[in-house]
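Colleague: The sequence and its predicted three-dimensional model are supplied below.
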Amino acid sequence: MKVGIISFAHMHALAYAQYLVKHPGAELAGIWDADEQRGNKMAKQFESNFYVDLDELLETDIEAVIICSENTNHKEHVLKAASYKKQILCEKPIATEVVDATAMIKACEENDVILQVAYPVRFAPAIKKVKAIVQSGKLGEIIAVNATNHGQMPGGWFVEKELSGGGSATDHIVHIMDLLRWMLKDEVKNVYAEFDTRFYDIDVEDCGSVMLELESGTIVSIDPSWSRPETFPTWGDVTLKIVGTEGTVTVDAFKQHSILYNDKEGKIQQQPWAEDMDEALVNDFIDCVKTRRKPFITGNDGLRTLEVVKAAYRSNELKQVVVLERN
Amino acid sequence: MVNVAVVGTGSCNDKHLEAWSRIPNVNIVGVIDVAEENKQQLPEAFRSKVVDRLADLKSVHTDIVDLCVPANDRADYVRQVSKEGYHIICEAPLALNVEEASSVLKECQEKNVQIQIGHNLRFSPEYLDARNQVKSGKIGKPGVMRLASGTAHPGREFDIFSNLGIHQFDWLTWTFGDVERVMAKHIKKERHDGTLIEYALITLRMVDQTLAHIELSWAATETETSFELTGDQGMLTHNSNESYPIDVQLATSEIIEESILDKTALQRQMEYVVKSVEAQDKTMVTGDDALKAIRIAEAARKSVEIGQPVLLKEVL
């Protein structure tokens, strides 16, 4: 199965490319990137072909594409790939505006192609285990969740609003929201959020606190801050504390690591040894395309999580709770 | 010598008596209101000190009265004791609302009585150190503060914001200044076996725009506190469970539960009170500070009720 990668703007493309190459049934057949230098470099690194013209890549016999362009370019690239009937794995967030997301979903439906959104955390072994615990009913009725998706400030286009659509709130809320919708089979009723730029001299928010109420009445808080210092031993975290009437479960998704006290670089570093979630995501996408099954992370999952992010921004402006409207 | 009388019953009383007796220049002159069934369990040394009423203290010189009484009765006891002119140490909160607390504080002031309200994080080494680190600029400009406090549910009569939250609120205002806005969510449910659980999430926006996130849990099975203080130049983290230095595994199920400190936060607080009474100094937790924490608890309850954020200045 031949797959193309559209843009290496998002660093996750590197992992996806690596696992495409590793997969016995897949081939990274072509790469397009607006940044020619980067595209050429990646084509060389992964022994693939670089296309200067995106249409030219899409005219080849590749079956699927993985889109890792800047957030605001997802729409254009998904619409184009769909028009060429290519199966699509799109980096999160699906888009930066709700209308864009709905247009993308519609286009993929009309062209009968898969639109899978890259929420790799669902594939983290610890997270899968926690989902099983929650859904076993052992914890009783779930009443509250205290979650974090922290990170270091990524810089680059992530802090340019016209390319990213927003800062840490755009980057991080969706991961937690996706996990909650998936684990709890619930939707968001209302949102309250406070955002600020307190860590870096940048034009987008770098921290905040989000509070939600789900339709079931479960209360949730999400900390999406780029608050990990430069000396933090890894890029960030995904943690959840899920409180039920009969028990509480806490999970630190990336706790399966060793600690390297690295004198050469003057750093203390987490060395993850868990089974890789990005690899599982890529393998799942390839399997979806090959077996023509519906992806279990859909464009709709991307849309629902984006709606929460947009409501959170509105709440931050109004300093009021915003009731969610679903499209 | 400083003479201390302890008012109250049960395990709180025992803990306090033990802590007082570790302080060299303190003399326990009275133990009051001890329920009959608890009297026999009092350590030998204190049994002879039991008196029935506050009035019985008049025969002995008393400097400080330590009130180990439930929050609902606290304000009444403070009024009684302040009338006698004794200095007071009591647990937080002083009262369940700002109005009651202000009136009690006013009475203490009129009687020239010093009152130390037990905001014990101010005397807990990890929280005191954290404040010093923040104040000396170690984390840089404050960003997002995450605090959590959890323990088993203490019983139906307690309020989670006033009893568990108050300490976090006090430490935050002590360290970062006043609060501008409060958003809170709260859930109270029964387990299958009928026992209660409660859980609250609070976002505070400080006047200096620092963000604080507080988790209060009465759904826990063991006591756990933690903080994560982030700023533009660093991060300071602590978790009580992860900093416990001893792990004993025995064939029997004996567990060491006490904190590994030569001096507990309670004893530190008592020593502080003794010192300030001796020096006739004003106490560390001023009435205004105590009111601030009570006001935040009130704002949190109001926010839960209306489902919207509450500006602190709109709370009485």
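Modeller: Looks like it came in fine.
Colleague: Give me the three-state assignment for the closest residue to chain A within the stretch 1-150 of chain B.
Modeller: Checking the stretch 1-150 of chain B residue by residue against chain A with Cβ to the nearest Cβ singles out residue B:143 as nearest, at 4.4 Å. Where C-beta positions appear, they are placed from N, C-alpha and C, glycine not excepted. Per DSSP: H, G, I helix; E, B strand; the rest coil, the local secondary structure of residue B:143 is strand.
Colleague: ok, which stretches of the stretch 151-300 of chain B are strands?
Modeller: Using DSSP state E, counting those that start in this stretch, the strands assigned to the stretch 151-300 of chain B run over residues B:179-190, B:196-206, B:211-217, B:224-231, B:234-239.
Colleague: would CSV of the ones you listed with mean neighbour count be doable?
Modeller: Formatted as CSV, these follow (neighbours: other Cβ atoms under 10 Å in any protein chain shown):
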stretch, mean neighbour count
strand B:179-190, 21
strand B:196-206, 24
strand B:211-217, 25
strand B:224-231, 21
strand B:234-239, 16
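Colleague: Distance to chain A for those strands - can I get that in a markdown table?
Modeller: Rendered in a markdown table, the data for these read as follows (distance: least, Cβ to the nearest Cβ, whole Å):
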| stretch | distance to chain A |
| --- | --- |
| strand B:179-190 | 4 |
| strand B:196-206 | 4 |
| strand B:211-217 | 5 |
| strand B:224-231 | 4 |
| strand B:234-239 | 5 |
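Colleague: got CSV for these, with mean pLDDT too?
Modeller: Rendered in CSV, the data for those read as follows (pLDDT from 0 to 100):
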stretch, mean pLDDT
strand B:179-190, 98
strand B:196-206, 98
strand B:211-217, 98
strand B:224-231, 97
strand B:234-239, 97
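Colleague: mind checking which of the ones you listed is nearest residue A:297?
Modeller: Using Cβ to Cβ as the criterion, the shortest distance between residue A:297 and the strands of the stretch 151-300 of chain B is 27.3 Å, found for strand B:196-206.
Colleague: Need the single longest helix in the chain, by residues.
Modeller: Picking chain A for this. With DSSP state H applied, the helix covering the greatest number of residues in chain A is identified as helix A:299-318.
Colleague: nope, chain B
Modeller: The helix of greatest length in chain B, counted in residues with DSSP H as the criterion, is given as helix B:287-306.
Colleague: Output the contacting helices and strands for the following helix or strand past it.
Modeller: The helix or strand immediately downstream of helix B:287-306 is strand B:310-311, counting by DSSP states H and E. With contacts taken as 3 or more Cβ pairs under 8 Å, 6 or more residues apart in numbering or on different chains; DSSP states H and E, strand B:310-311 sits against strand B:179-190, helix B:287-306.
Colleague: List the contacts of strand B:310-311.
Modeller: Residues external to strand B:310-311 that are found in contact with it (Cβ atoms under 8 Å, 6 or more residues apart in numbering or on different chains): B:180, B:181, B:182, B:183, B:299, B:300, B:302, B:303.
Colleague: What parts of the stretch 201-316 of chain B come near chain A?
Modeller: Applying Cβ under 8 Å from any Cβ of the partner chain, we find that the stretch 201-316 of chain B lies next to chain A at B:201, B:203, B:205, B:209-211, B:213, B:215, B:217, B:219-220, B:230-235, B:307-309.
Colleague: Next, count neighbours for residue A:147.
Modeller: Here the neighbour count serves as a burial measure; for residue A:147 (other Cβ atoms under 10 Å in any protein chain shown) it reads 23.
Colleague: got the phi/psi numbers for it?
Modeller: Here is the backbone geometry of residue A:147 (degrees, to the nearest 10): phi -130, psi 150.
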